[in-house]
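Engineer: How does the following fold in three dimensions:
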Amino acid sequence: MVNSTDRRGSGVVCGLICRGADRGYIQYVKECVGIVTMQQTIGLVGDRLSVFNGMEDSAFPAFVLGSTGWCSGTAAVIPELCIKLFDLVQEGRIKEARDLWLRIVPLTVFLEGGKGIQLMKYASKLQGIPIGTARKSRANLTRAEKQKMERMLKDLGVL
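Structural biologist: Numbering: from 1, shown residues only. So this is what the prediction gives:
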């Protein structure tokens with residue numbers, strides 16, 4: 001299930017997720033509501049189902065809390081670094097994971113700035129994986145946005 005406030009204005013209550021997990025109706029949850037709700041969900045049902053982080057800006061704390069994955073644009077743009085982040089947390093190398101996370105954060109913030117789809121597609125193109133342009137209703141990237149993405153990817157060592 002996806003627990004998100006995007007369309008309904010409020011997320012699914014943790015008690016409902018618990019009942020669904022207890023009855024075998026839910027096996028995975030993608031938490032897109034906030035780190036506090038994710039913490040509650042992991043604490044209540046993390047032993048019975050997989051809890052994925054669905055928020056761009058909270059991968060590190062979510063992994064430390066026990067999230068089993070991260071669905072994000074950042075992971076699509078720099079998958080190797082995101083896997084490394086997850087692995088470092090799993091290995092208990094929290095300081096190294098935090099340091100890596102602090103390098104990744106500017107990219108996550110940039111992707112959340114309103115043109116995430118366009119930026120992900122451009123970043124993929126820069127890395128030799130052309131996946132097309134965003135649909136017409138989405139605004140084009142400015143030259144400055146493209147240059148900023150190129151700089152960020154170079155700073156992260158993926159270009």
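
Engineer: Low-confidence bits of the chain, can you list those?
Structural biologist: Scanning the chain for pLDDT under 70 picks out 1-14.

Engineer: Could you pick out the longest helix of it?
Structural biologist: helix 94-111 (DSSP state H).

Engineer: elements contacting the helix or strand just after that one?
Structural biologist: Toward the C-terminal end, the helix or strand that comes next after helix 94-111 (DSSP states H and E) is helix 116-126. Here helix 116-126 touches helix 73-77, helix 94-111, helix 143-155, going by 3 or more CB pairs under 8 Å, 6 or more residues apart in numbering; DSSP states H and E. Placement of C-beta: from N, CA and C, glycine included.

Engineer: Quick check: the most far-flung residue of the chain relative to its centre vs Ala75, distance?
Structural biologist: Going by CA atoms, centre = their mean, the residue of the chain most distant from its centre is Arg23, 28.2 Å out. The gap separating Arg23 from Ala75 is 31 Å, by CB to CB, to the nearest Å.

Engineer: how close does the residue farthest from the centre of the chain get to Ser50?
Structural biologist: Taking CB to CB, one finds Arg23 at 17 Å from Ser50.

Engineer: what does Ile131 give?
Structural biologist: Ile131 is 27 Å from Ser50, by CB to CB.

Engineer: Pick out whichever of the two has more residues nearby.
Structural biologist: Counted by other CB atoms under 10 Å, Ile131 and Ser50 do not tie: Ser50 has more neighbours, with 15 against 11.
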